[in-house]
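J.: Need a 3D model of the following:
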Amino acid sequence: MARVTDSSSPADLHDEQRAGLEGQREQLETTLGEMHVDDLAETQDSNFADGAQVAAEQDEIMALANDLRGQLDDVQHALGKLDSGAYGTCEVCGEAIPDDRLAALPATRFCMQHAG
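T.: Predicted coordinates for the structure are as follows:
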């Protein structure tokens, strides 16, 4: 009977995660670019009757953009850790982050014990 072994190594897993992170980075950058957040203030019409509604919608867009920027920062940080060889290590305790957690959250900085 042939023995089934897992042929994936940590390097293979990291290559897969790098590809996923790079794809995520590209998607986040595209989405942020399509939002035209920097143009929002210029589109405000002070004579518009529903100025409060427009301002509220702009606030929602800005909050979403800030969340996306935070995600982009996390992805870029994870890519930097891959480059430096520190990927997969909890930034609090220095212990290895389990592969299943990294598979679910490739940009995570923390093990389950230190996840906020």
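J.: From now on I want contacts and neighbour counts done on CA atoms only, so please keep to that.
T.: Noted.
J.: Show me where this protein has its helices.
T.: Using DSSP state H, the helices of the chain run over 10-35, 40-43, 51-84, 99-104.
J.: tell me which residues in the longest one are buried?
T.: The neighbour-count criterion (16 or more other C-alpha atoms under 10 Å) identifies 54, 58, 61-62, 65, 68, 71-72, 74-79, 81-82 as the buried residues of helix 51-84.
J.: Turn the helices of the chain into a markdown table, including distance to M112.
T.: Shown next, in a markdown table, are the helices of the chain (distance: least, C-alpha to C-alpha, whole Å):
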| stretch | distance to M112 |
| --- | --- |
| helix 10-35 | 18 |
| helix 40-43 | 39 |
| helix 51-84 | 17 |
| helix 99-104 | 8 |
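J.: Out of those helices, which gets the lowest mean score?
T.: The weakest mean pLDDT among the helices of the chain belongs to helix 40-43, with a mean of 60.
J.: how close does N66 get to G94?
T.: To G94, N66 is 29 Å away according to C-alpha to C-alpha, to the nearest Å.
J.: Could you find the closest non-adjacent residue to the residue nearest the centre of the chain?
T.: What sits nearest the mean C-alpha location of the chain, by C-alpha atoms, centre = their mean, is Q71, with 3.3 Å. Computed as C-alpha to C-alpha, 6 or more residues apart in numbering, the closest residue to Q71 that is not its neighbour in sequence is L28, at 7.9 Å.
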